[in-house]
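[1] sequence unknown, structure follows:
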């Protein structure tokens, strides 16, 4: 058994690691550091361990065949466990764009697939090498690809509703379960299952990845201009004559004067910090070393948080049309907070 793992394991596992490395290399913005990617692979491996225990328990109470269980039950369990890691990443703003969410999803799926494939190789050492390689490679791409698709769909929905609930994860989760179910049902013919996964998923991932990179670049350009114009208007005293200023003045009947002053300070600080965060992204894209976050910036991050608490939930909601309106706007400030 050990010799089978040593001989056949790398052939079945290395390709998916190379695919993950390729995604990380394609990320010109370096949104996820290597250490984070490796931790996500480890999280996926832990999810696979939990999946083994849960599947054993549920299958022990399942009256149907193993084929029916693997096709219609286990995908729900396994994708749910991988989704737990995604929920943590999205809710804590550790990912905020389709690019980094896609890489995170594939890393989680890679860790899950590594454990599952090692278990398969260990439990069936006498299986023919072509079967082991085809099944192992197909399973790895399926797990990585399904979680990537779930992550990208979910982060796109959270981008539009950054304060939305877990229900926004459901569409991506259902797509991942459908992909997983289709692959498992085709495993009676592993070559066909692997071919289908290899044709469909990498193409989808590449197209979405490329589109997301372009969208990120366009957002940076337009938002940079918006932040600069807002700061200029505040600094030269013309902000109140702008549409945003008139909107803020229209809140006088609902908020006290000191609250409106705090809200204006929120807008100014947010614009300054957003420019700083975008500068970090542009330095990463250029391959230049980014300077460490200075104490003044850290104080501004803390001051912004204090101002948000001072104006309360009602004030934050009132400012939403002017700042932090999308998931990207919220996520970019976490770059400075971390």
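    Looks like it arrived, so ask away. In this text the structure is predicted, and so the values were computed from the model without any measurement.
[2] wait, residue 103 sits on residue 33?
    No: the pair residue 103 / residue 33 is not scored as a contact, 10.8 Å apart, by CB atoms under 8 Å. Every C-beta, even on glycine, is put in place using the N, C-alpha and C of the backbone.
[3] between those two, tell me which one has more neighbours.
    Between residue 103 and residue 33, counting by other CB atoms under 10 Å, residue 103 is the more crowded of the two (25 against 10).
[4] how close does residue 259 get to residue 123?
    Applying CB to CB, to the nearest Å, the value for residue 259 to residue 123 is 64 Å.
[5] between these two, which one's more packed in?
    For residue 259 and residue 123, the more surrounded residue by other CB under 10 Å is residue 259, and the numbers stand at 18 against 9.
[6] name the SS class of that one, please.
    helix (DSSP: H, G, I helix; E, B strand; the rest coil).
[7] tell me the mean pLDDT for stretch 205-213?
    What stretch 205-213 shows for mean pLDDT is 76.
[8] which positions in it come out as buried?
    Neighbour counts over stretch 205-213 (16 or more other CB atoms under 10 Å) mark 205, 208-209, 212-213 as buried.
[9] quick check: which element contains the spatially most central residue of the chain?
    Closest residue to the average C-alpha location of the chain: residue 101 at 2.1 Å, with CA atoms, centre = their mean. Assigned by DSSP states H and E, residue 101 belongs to helix 98-123.
[10] which strands or helices does that helix pack on?
    helix 2-26, helix 34-60, helix 74-91, helix 129-160, helix 190-236 (3 or more CB pairs under 8 Å, 6 or more residues apart in numbering; DSSP states H and E).
[11] the shortest one versus helix 129-160: what angle between them?
    Using axes from the mean of the first three to the mean of the last three CA atoms, to 10 degrees, the inter-axis angle of helix 74-91 relative to helix 129-160 is 40 degrees.
[12] pLDDT (mean, whole number) over helix 74-91?
    The average of the pLDDT scores along helix 74-91 is 95.
[13] residues making contact with that helix?
    Here helix 74-91 makes contact (CB atoms under 8 Å, 6 or more residues apart in numbering) with 40, 43-44, 47-48, 50-51, 54-55, 58, 94-95, 101, 104-105, 108-109, 112, 143, 146-147, 150-151, 154-155, 158, 166, 169, 173, 176-177, 180-181, 184.
[14] low-scoring stretches of the stretch 101-250 of the chain, by residue?
    Along the stretch 101-250 of the chain, segments meeting pLDDT under 70 span 125, 127-135.
[15] now with 80, please.
    121-137, 160, 162-163, 187-202, 204-225 (pLDDT under 80).
[16] roughly how far out does stretch 300-307 sit from the chain middle?
    Relative to its chain's centre, stretch 300-307 lies at 26 Å (CA atoms, centre = their mean, to the nearest Å).
[17] buried ones in it?
    Applying 16+ other CB under 10 Å to stretch 300-307 flags 300-301, 304, 307 as buried.
[18] could you pick out the buried ones from the contacts of helix 74-91?
    40, 43-44, 47-48, 50-51, 55, 94-95, 101, 104-105, 108-109, 112, 143, 146-147, 150-151, 154-155, 158, 169, 173, 176-177, 180-181, 184.
[19] list the residues that contact the nearest residue to residue 72 once chain neighbours are set aside.
    With CB to CB, 6 or more residues apart in numbering as the criterion, residue 72 has its nearest non-adjacent residue at 6.6 Å, and that residue is residue 181. Residue 181 sits next to 71-72, 75 when contact means CB under 8 Å, 6+ apart.
[20] make TSV out of those residues and add neighbour count and distance to residue 90.
    As requested, these are exported to TSV (neighbours: other CB atoms under 10 Å; distance: CB to CB, whole Å):
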residue	neighbour count	distance to residue 90
71	20	29
72	15	27
75	22	21
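[21] redo those as TSV? Include distance to residue 217.
    Listed next are the contacts of residue 181 as TSV, based on distance: CB to CB, whole Å:
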residue	distance to residue 217
71	41
72	42
75	35
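[22] and of those, the nearest to residue 190?
    residue 71 (14.1 Å; CB to CB).
[23] check contacts around the closest one.
    Residues in contact with residue 71 (CB under 8 Å, 6+ apart) are 181, 184-185.
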